[in-house]
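Trainee: fold the following.
(one chain, ligands or ions: 2)
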Amino acid sequence: MPANGGSAYPRSIGLLGGRAAHDIAIDLGTANTLVYERGRGIVVSEPSVVAVDFATGAVHAVGADARRMIGRTPASISAIRPLRHGVIADLEVTEQMLRHFIRRVHPRRFLRARVVMCAPSGITDVEQRAVEEACLAAGARQVHLIEEPIAAAIGAQMPISEPSGNLVVDVGGGTSEVAVISLGSIVVSESLRVGGYDLDDALANYLKRERTLAVGEQTVENLKLEIGSAVAREFEVESEVRGRDLVSGLPKTVALSSAETREAYAEPLRAIVAAIHDTLERTPPELAADIGDRGIVLAGGGVLLNGFRELVEQETRLPVHLTESPLTCVAVGAGHSLEEFQTLERMGDTRRRRALSLGRRTTFSRR
Ligand SMILES: Nc1ncnc2c1ncn2[C@@H]1O[C@H](COP(=O)(O)OP(=O)(O)OP(=O)(O)O)[C@@H](O)[C@H]1O
Ligand SMILES: [Mg+2]
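Mentor: Ligands and ions are numbered 1, 2, ... in the order given. The predicted structure is shown next:
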């Protein structure tokens, strides 16, 4: 990736002296938080987990260090994910996590960053205010929201400023978003509170039901990465699963096959595919014709599930492509939008800046 994070826009557009260097974009995800700094690219990529001591309120660890503690902490410490289904579930802990990441980029406190935050397109006004508040409380000077599908499409280098249909599907840890974008705005979209973690929950329930085995969330996520599958594989694979027997209460090991993971994932996968179908059904015919030619672009960590691309292809009969880097695509796209923000600000177009800050009908077309 080039130094400017592979920006599709000329670097000269947004670099307004030294101040611009403190603009950052944050993809605050249910599973991972990424920070993109203008001129440097992605500078933070960590799991969205915080280990907090509830007796004293002290933060023990943030990010990867905190994730290692999930399910392994003493009673007073809790390793928590402050976001659920793409929105903030614990405002205070989210603030602490953001403060930690922003300080890592801007160690000198007085350099207050101007921030573009990604938000799911299905977010409510209350949830939207929570994101803004958390970011300001964490030390940001100014906050603007960008809808995640728009950021994903920019990151995937889709020609969204043209008058043509672009269909992007972003499957994260807690949300799935499907959006048709034309002329820089979302035309139709579906936002689903189902993501990679719901596959993990479905597998944990399957193991409980079929094997009377209780397993931790890290175990089911690792199984997904190792043997998880969305469509029949040429060679099915197997893995050993360790957990606690629900009947005897003792540790137990069982074998699990990739075919069984498919059975377990059937319901959440069906919901994601249905959201794609619904979006296509509501797409105006001209745009649908463009999508028929160009196909669907997949972003977000969830699309890395073995066979996911093939599943969407089978179910829609359209060409389906994975973005080059599904896990970083949204952060990179939001980072590129920093350049656009500068342009709008210089043009003094308050209407469009307002649209950008509200994260609704955001216009990124370069006119
Ligand atoms: N190789 C893989 N196979 C299957 N799933 C994967 C793989 N790699 C990552 N994932 C899943 O991707 C999800 C994380 O993706 P991502 O970082 O895009 O989510 P997020 O942006 O934090 O969440 P959201 O957008 O829903 O708030 C997790 O559920 C993780 O288990
Ligand atoms: Mg995401």
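
Trainee: ligand 2 contacts on the protein?
Mentor: 29, 172 (CB under 5 Å from the ion). Any C-beta I mention is one placed from the backbone N, CA and C, and that applies to glycine too.

Trainee: for ligand 2, what's its nearest residue on the chain.
Mentor: residue 172 (3.3 Å; CB to the ion).

Trainee: ok, now how distant is the residue of the chain most remote from its centre from residue 201?
Mentor: Most distant from the centre of the chain: residue 248, at 39.1 Å, with distances by CA atoms, centre = their mean. In this view, residue 248 and residue 201 are 24 Å apart by CB to CB, to the nearest Å.

Trainee: now residue 60, nearest residue through space, not along the chain?
Mentor: Among residues not flanking residue 60 along the chain, residue 51 sits closest, at 4.1 Å (CB to CB, 6 or more residues apart in numbering).

Trainee: so that neighbour sits right up against residue 59, yeah?
Mentor: Yes. Residue 51 is within contact range of residue 59, at 7.1 Å (criterion: CB atoms under 8 Å).

Trainee: so for these two, which sits in the more crowded spot?
Mentor: With neighbours defined as other CB atoms under 10 Å, residue 51 and residue 59 compare such that residue 51 has more, 22 against 16.

Trainee: residue 233 - how many residues pack around it?
Mentor: The tally of other residues near residue 233 (other CB under 10 Å) stands at 16.

Trainee: for residue 277, pull up the helix or strand it's in.
Mentor: helix 258-281 (DSSP states H and E).

Trainee: now swap in residue 332 and tell me
Mentor: Going by DSSP H and E, residue 332 is part of helix 329-347.

Trainee: let me see the mean pLDDT of that helix.
Mentor: Averaging the model's pLDDT scores along helix 329-347 yields 78.

Trainee: buried ones in stretch 171-185?
Mentor: Residues 171-182, 184-185 are the ones in stretch 171-185 that count as buried (16 or more other CB atoms under 10 Å).

Trainee: now do it: distance to the chain's middle.
Mentor: 10 Å (CA atoms, centre = their mean, to the nearest Å).

Trainee: one more: stretch 197-217?
Mentor: For stretch 197-217, the distance to the chain centre is 23 Å (CA atoms, centre = their mean).

Trainee: residues touching that stretch, excluding its own?
Mentor: For stretch 197-217, contacts defined as CB atoms under 8 Å, 6 or more residues apart in numbering pick out 30-31, 70-71, 173-174, 220-221, 223-224, 228, 241-247, 252, 254, 256, 260-261, 263-265, 267-269, 302, 305.

Trainee: buried members of those residues into PyMOL, please.
Mentor: Here is the PyMOL command that selects the buried residues among the contacts of stretch 197-217 (16+ other CB under 10 Å):
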select buried, resi 30+31+70+173+174+220+221+223+224+228+241+243+252+254+256+260+261+264+265+268+269+302+305
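
Trainee: now, the contacts of stretch 197-217 that are in helices?
Mentor: The members of the contacts of stretch 197-217 that map onto helices under DSSP state H are 220-221, 223-224, 260-261, 263-265, 267-269.

Trainee: give the pairing partners of the helix or strand containing residue 61; include direction for each.
Mentor: Secondary structure from DSSP H and E places residue 61 in strand 59-62. Taking DSSP bridges as the criterion, strand 59-62 sits next to strand 50-53 (antiparallel) in its sheet.

Trainee: show me what the mean pLDDT comes to for the strand it pairs with.
Mentor: Mean predicted confidence for strand 50-53 is 93.

Trainee: buried sites along that strand?
Mentor: 50-52.

Trainee: contacts for that strand?
Mentor: Contacts of strand 50-53 (CB under 8 Å, 6+ apart): 58-62, 65-66, 69, 73, 76-80, 82, 93, 96-97.
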